[in-house]
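> Give the three-dimensional model of this entry:
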Amino acid sequence: MNTVQSNTRTTFSTVKVYHTTDPSQMKRMQPDAPWTRAVLVYVASLCTTRDVRDTPTLEHVLDQAFELTNSIDAPWVQGRNPRLAVQPYEGGRRSTSVGDIMELVPASGASTWYLVAPVGFKRINPPA
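Alright, predicted model coming up:
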């Protein structure tokens, strides 16, 4: 399993959170399997350049995006955190779940993509 290593440190500018239109399909996805953006709905982005840590671990950044896009005490779309930008969407919102996707967008360079796994996150290939 390609889980995020907690000792990997990189500063990212944005984490984009995507909910899948068919979570059952994505739950079964393997890290090297091809997939397209057609199964995704872009729901939020989290700015990680301030007030996280100077050099947050990948797992910390992904965990924070996961937590902020889950309804715990109130619906997450009510903007509990000013660094979380909720994307406009006419459909209903749900909490981020196993099978959803996160894209880590660095200040420079290529994005990396992660699947929300039952425990942690699995790095996956970019969409086709």
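> What ranges does the chain have for its strands?
In the chain, the strands defined using DSSP state E lie at 12-20, 40-47, 84-86, 101-106, 112-116, 121-124.
> Tell me what angle the fourth one forms with strand 12-20.
With axes from the mean of the first three to the mean of the last three CA atoms, to 10 degrees applied, the angle from strand 101-106 to strand 12-20 works out at 160 degrees.
> Compare the mean pLDDT across the strands of the chain and name the weakest.
Of all the strands of the chain, strand 84-86 carries the lowest average pLDDT, namely a mean of 80.
> Sheet-wise, list the partners of it with their directions.
Strand 84-86 has its sheet partners listed here by DSSP bridges as strand 40-47 (antiparallel).
> Pull the distance from the strand it pairs with to the chain's centre.
Here strand 40-47 is found 7 Å from its chain centre; the criterion is CA atoms, centre = their mean, to the nearest Å.
> Quick one: residues in contact with that strand.
When contacts are defined by CB atoms under 8 Å, 6 or more residues apart in numbering, strand 40-47 is touched by residues 13-21, 61, 64-65, 68-69, 81, 83-87, 89, 91, 93, 96, 101, 127. C-beta: built from backbone N, CA, C; applies to glycine.
> Which residues are in contact with the residue nearest the centre of the chain?
Central residue of the chain (CA atoms, centre = their mean): Met102, 2.5 Å from the mean position. Residues near Met102 by CB under 8 Å, 6+ apart: 15-18, 62, 65-66, 113-114, 116, 121.
> chain center to the longest helix that the chain contains: distance?
Using DSSP state H, we find that the single longest helix of the chain is helix 58-68. Chain-centre distance of helix 58-68: 7 Å, with CA atoms, centre = their mean.
> Stretch 87-104 now?
Offset of stretch 87-104 from its chain centre (CA atoms, centre = their mean): 8 Å.
> wait, isn't Phe121 in contact with Glu59?
Yes. Counting by CB atoms under 8 Å, Phe121 touches Glu59, with 7.2 Å between them.
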